[in-house]
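Peer 1: After the sequence you'll find the predicted model.
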Amino acid sequence: MRKQQELAIEVRGVGRVYGDGAGQVTALSNIFLNIRQNEFFTLLGPSGCGKTTLLRLIAGFDFPTDGEILLYGEDIAPLPPFKRPVNTVFQNYALFPHMTVAQNIGFGLEMLGKPKHEIAARVEEMLALVHMEAMRNRKVMQISGGQQQRVALARALAPKPKVLLLDEPLSALDYKLRKEMQVELKRVQAETGITFIFVTHDQEEALAMSDRIAVMSHGEVRQVGAPWEIYDRPAERFVADFIGETNFLAADVISIDGPRTRVRLFNGSLLDATYPVDLMPEGKVTIVIRPEHAQLDTPSSTAMLNGQIEDLTYLGTDTHIRVRLPDTSLFTIRQQNNRVGPIGFSAGDPVSLNISEGAAQILKD
């Protein structure tokens, strides 16, 4: 049985309102979150959803209108940022251009009044952690963006914070470098054992790096779960639509058997679907099916769905096929490519769709 992890951060009923009267804006509304020790936890959502505001409240750069934030069981609201055992890696890194890599890493320790020998030892440790030993004497303007990101990470980790906050630190990097740094960040988090709270709007980034994800929208947390839960078992339409591509189908509930329910699609076909634990589905519902959980086949009267191929898009690793269904809606399929040639279908072809067992999920809304 897995041992219960200690909570690093507890967010209890936190709200943040700016302004008053007609100009009042609610940035956060009644947020509850438990973030575990040694966890890579991601706040994910579109711009303006409140994720950076929540990060600022934890850091102490702003204060909640309502609720409380606990760090290892202690209320940190009265503490200014420099007295909180947390550190932040910003989007622009905020490095000192006139200093060397080593001087940047050691700067925070100097401000804390640490002895010189302790600073030197910790800087060497951090240089090794982020694989920057050979760059120690270079000015930060003489290194690449990815290397600057590593320096910013090492500087934030040097004082041994209990929690590290990362505010979209990879957004300025190109695609390939961003992928490399995702692996590096996850490695560093695993090696240090420090709780990371990561903010991003990039769904793929969140899925690749996180132990758990909180999906946010309009100042509220819509769902919290492991990456596979967020992707394969979205609780509501916003989460399903925001995380990757997906297909929505209208259906009617026929019966419920434990964790599964039987639904009837618009064409009369019957399908088994799962549903969120806090929902008792009935009547008309919406189900979600990911594009990779359906397969093309030749037309068949016994198929789950039939339609006509609208278009195909070759994307290297896979091909995206959009199929027009009889009710005029479009259904997207993602089919993995291999080296034997084209997938065997063309635009305009009639096809049937087979749905993988366990692929359908009923949404709350």
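Peer 2: Everything's here; your move. Keep in mind that this is a model prediction, so the values were computed, not measured. Numbers count the residues shown, from 1 in each chain.

Peer 1: any idea where the helices of the chain begin and end?
Peer 2: Along the chain, the stretches classed as helices by DSSP state H are 51-59, 101-111, 116-129, 145-157, 175-192, 203-209, 227-232, 237-242.

Peer 1: who's in contact with the spatially most central residue of the chain?
Peer 2: Nearest to the mean C-alpha position of the chain, counting by CA atoms, centre = their mean, stands Ala206 at 2.9 Å. Ala206 is in contact with 42, 44, 198, 200, 213, 227, counting by CB atoms under 8 Å, 6 or more residues apart in numbering. Placement of C-beta: from N, CA and C, glycine included.

Peer 1: would you turn those residues into CSV with neighbour count?
Peer 2: Formatted as CSV, these follow (neighbours: other CB atoms under 10 Å):
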residue, neighbour count
Thr42, 27
Leu44, 27
Phe198, 27
Thr200, 22
Ile213, 28
Pro227, 18
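
Peer 1: Inside strands: which ones of the residues you listed?
Peer 2: Mapping these onto strands (DSSP state E) picks out 42, 44, 198, 200, 213.

Peer 1: Not counting sequence-adjacent ones, nearest residue to Ala102?
Peer 2: Arg136 (4.4 Å; CB to CB, 6 or more residues apart in numbering).

Peer 1: tell me the contacts of Ala273?
Peer 2: Contacts of Ala273 by CB under 8 Å, 6+ apart are 251, 260-263, 287, 360-362.

Peer 1: As TSV, the residues you listed with neighbour count, pLDDT and distance to Asp232 would be great.
Peer 2: TSV is the format used below for those (neighbours: other CB atoms under 10 Å; pLDDT from 0 to 100; distance: CB to CB, whole Å):
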residue	neighbour count	pLDDT	distance to Asp232
Ala251	22	94	18
Arg260	15	85	15
Thr261	24	92	17
Arg262	15	93	20
Val263	24	94	18
Ile287	24	94	13
Ala360	25	93	11
Gln361	21	93	7
Ile362	20	93	13
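
Peer 1: quick one: which of those residues is nearest Arg187?
Peer 2: The closest of those to Arg187 turns out to be Gln361 (CB to CB; 32.5 Å).

Peer 1: Quickly list what the closest one is bridged to.
Peer 2: Note on Gln361: beta-bridge partners by DSSP bridges are Thr274, Val288.

Peer 1: Would you mind confirming that it makes contact with Arg237?
Peer 2: No: taking CB atoms under 8 Å as the definition, Gln361 is not a contact partner of Arg237, at 11.0 Å.

Peer 1: what touches both of these two?
Peer 2: With CB under 8 Å, 6+ apart, Gln361 and Arg237 have common neighbours Val288.

Peer 1: ok so, going back, so which of the contacts of Ala273 is the closest to Leu157?
Peer 2: Nearest to Leu157 among those, with distances taken as CB to CB, is Gln361, at 38.7 Å.

Peer 1: Centre of the chain to stretch 165-176, how far?
Peer 2: 13 Å (CA atoms, centre = their mean, to the nearest Å).

Peer 1: what about it, start to end distance?
Peer 2: Taking CA to CA, to the nearest Å, stretch 165-176 runs 23 Å from one end to the other.

Peer 1: List the buried residues for it?
Peer 2: Residues of stretch 165-176 classed as buried: 165-170, 173 (neighbour count, 16 or more other CB atoms under 10 Å).

Peer 1: Equivalent analysis for stretch 322-333, please.
Peer 2: Quick answer for stretch 322-333 (16+ other CB under 10 Å): 322-323, 325, 331-333.

Peer 1: Pick the one among those residues closest to His293.
Peer 2: Using CB to CB, Ile333 comes nearest to His293 of these, at 9.0 Å.

Peer 1: Pull the number of nearby residues for Glu125.
Peer 2: Using other CB atoms under 10 Å, Glu125 has 13 other residues around it.

Peer 1: and what of Lys162?
Peer 2: 15.

Peer 1: Quick check: it touching Val86?
Peer 2: Yes: using CB under 8 Å, Lys162 makes contact with Val86 at a distance of 6.6 Å.

Peer 1: For these two, list the residues in contact with both.
Peer 2: Leu71.

Peer 1: Domain-wise, how is this structure divided?
Peer 2: 7-232, 245-362 (automatic domain parsing).

Peer 1: I'd like to know how far the residue nearest to Ala102 sits from Ile143.
Peer 2: Distance, Arg136 to Ile143, by CB to CB, to the nearest Å: 11 Å.

Peer 1: shared neighbours, those two?
Peer 2: Val101.

Peer 1: which non-adjacent residue is nearest Ile194?
Peer 2: Leaving aside its sequence neighbours, Ile194 sits nearest to Leu164 (CB to CB, 6+ apart; 5.4 Å).
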